[in-house]
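Participant: the sequence and its predicted three-dimensional model are supplied below.
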Amino acid sequence: MQLVANVYGYLWDGYENNCNSYLIVDDITVLIDPGHTRFTERLVAKLAADGWRPQDIDCVINTHAHLDHCEGNGRFLHDDTVIAAMHPADVQYYHEEGAQLLRALGQEPPPLLLGGFLQDEVRLGKTRWQVIPTPGHTPGSVCLYWPEGKVLIAGDTLFERAIGRTDLPGGDARQLRESLRRLASLDVEYLLPGHNDILRGRERVQENFALIQQAFFPLLG
Ligand SMILES: [Zn+2]
């Protein structure tokens with residue numbers, strides 16, 4: 001589904017947990033957060049409905065290292081030139097606290113299929129996206145912001161009427177509060193979160209920030 005200009009959204013609509021995915025089409029085409037491996041064929045079908053094939057994707061970006069966002073990377077790494085990238089702090093997190101958490105749940109962490117680390121900015125051709133570190137949900141969580149399009153891809157930091165959980169290993173409530181403050185200062189018309197619905201319209205986005213400040217900031221240390 002085309003959301004705005006060159007940004008497409010594939011919102012998760014199943015009963016089990018999985019993330020929303022987004023596609024940015026430019027000289028370089030980027031898939032944000034492919035989700036769980038077991039659901040990638042559903043994403044492939046949704047991409048196909050808009051005319052996109054896995055081989056059209058040049059790069060995969062993960063907003064953070066939780067498996068419901070990054071496990072399915074491999075499905076889209078169709079040749080050696082395609083890389084997946086996330087913030088270096090979450091690569092470390094994945095191999096340390098993240099791996100401990102999975103093992104505690106009786107699951108061996110799958111290999112993290114990554115080819116690069118995110119820098120401050122992602123240049124895709126005509127569009128440049130700021131990579132905004134937003135620790136709190138995980139140490140290396142990031143949001144992607146396109147100032148000209150006023151689009152914010154928020155990962156699991158910010159949702160409609162909700163915020164990212166901080167009770168998992170690597171979570172930090174105070175850091176999340178600072179990250180949310182940083183996001184609230186941006187000019188955003190399209191809030192594209194990692195789960196649940198998207199928010200359109202500057203006023204609705206600002207109302208959402210106000211609600212979150214009121215409802216959640218007192219709980220965040
Ligand atoms: Zn998460």
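Facilitator: Received the coordinates, thanks. Computed from a predicted model, the values in this text were never measured in an experiment.

Participant: for the ion, what are the nearby residues on the chain?
Facilitator: Contact residues (Cβ under 5 Å from the ion) of the chain with the ion: His66, Asp156. Yep, even glycine has a C-beta here, placed from its N, CA and C like the rest.

Participant: again, only using 6 Å
Facilitator: With Cβ under 6 Å from the ion as the criterion, the chain comes near the ion at residues His64, His66, His137, Asp156.

Participant: pLDDT wise, what is the second one at?
Facilitator: pLDDT, His66: 95.

Participant: which strands and helices lie in contact with the helix ranked longest in the chain?
Facilitator: Taking DSSP state H as the criterion, the chain has its longest helix at helix 202-216. If you count contacts as 3 or more Cβ pairs under 8 Å, 6 or more residues apart in numbering; DSSP states H and E, helix 202-216 packs onto strand 162-163, helix 173-184.

Participant: the ones you listed: which one's closest to Gly194?
Facilitator: strand 162-163 (10.9 Å; Cβ to Cβ).

Participant: tell me the strands beside the closest one, with direction?
Facilitator: With DSSP bridges as the test, strand 162-163 is paired with strand 158-159 (antiparallel).

Participant: quick one: the strand it pairs with to chain centroid distance?
Facilitator: Strand 158-159 sits 11 Å away from the centroid of its parent chain (Cα atoms, centre = their mean, to the nearest Å).

Participant: quick one: average pLDDT of it?
Facilitator: pLDDT averaged over strand 158-159 gives 98.

Participant: show residues contacting that strand.
Facilitator: Under the criterion Cβ atoms under 8 Å, 6 or more residues apart in numbering, residues Cys143, Gly164, Leu180, Leu183, Leu191, Pro193, Gly194, His195, Asn196, Asn208, Ile212 lie in contact with strand 158-159.

Participant: give me the buried subset of those.
Facilitator: Buried members of those, scored by 16 or more other Cβ atoms under 10 Å, are Cys143, Gly164, Leu180, Leu183, Leu191, Pro193, Gly194, His195, Asn208, Ile212.

Participant: the first one is in contact with Val151, isn't it?
Facilitator: This means Cys143. No - Cys143 lies out of contact with Val151 (Cβ atoms under 8 Å); the separation is 10.4 Å.

Participant: tell me the strands beside the helix or strand containing Gly9, with direction?
Facilitator: Of the helices and strands defined by DSSP states H and E, Gly9 is found in strand 7-10. Strand 7-10 has the following strand partners under DSSP bridges: strand 2-4 (antiparallel), strand 21-24 (antiparallel).

Participant: would you reformat those strands as CSV and include mean pLDDT?
Facilitator: CSV is the format used below for the strands paired with strand 7-10 (pLDDT from 0 to 100):
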stretch, mean pLDDT
strand 2-4, 91
strand 21-24, 98
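
Participant: could you dump the ones you listed into a markdown table and include mean neighbour count?
Facilitator: Shown next, in a markdown table, are the strands paired with strand 7-10 (neighbours: other Cβ atoms under 10 Å):
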| stretch | mean neighbour count |
| --- | --- |
| strand 2-4 | 15 |
| strand 21-24 | 24 |
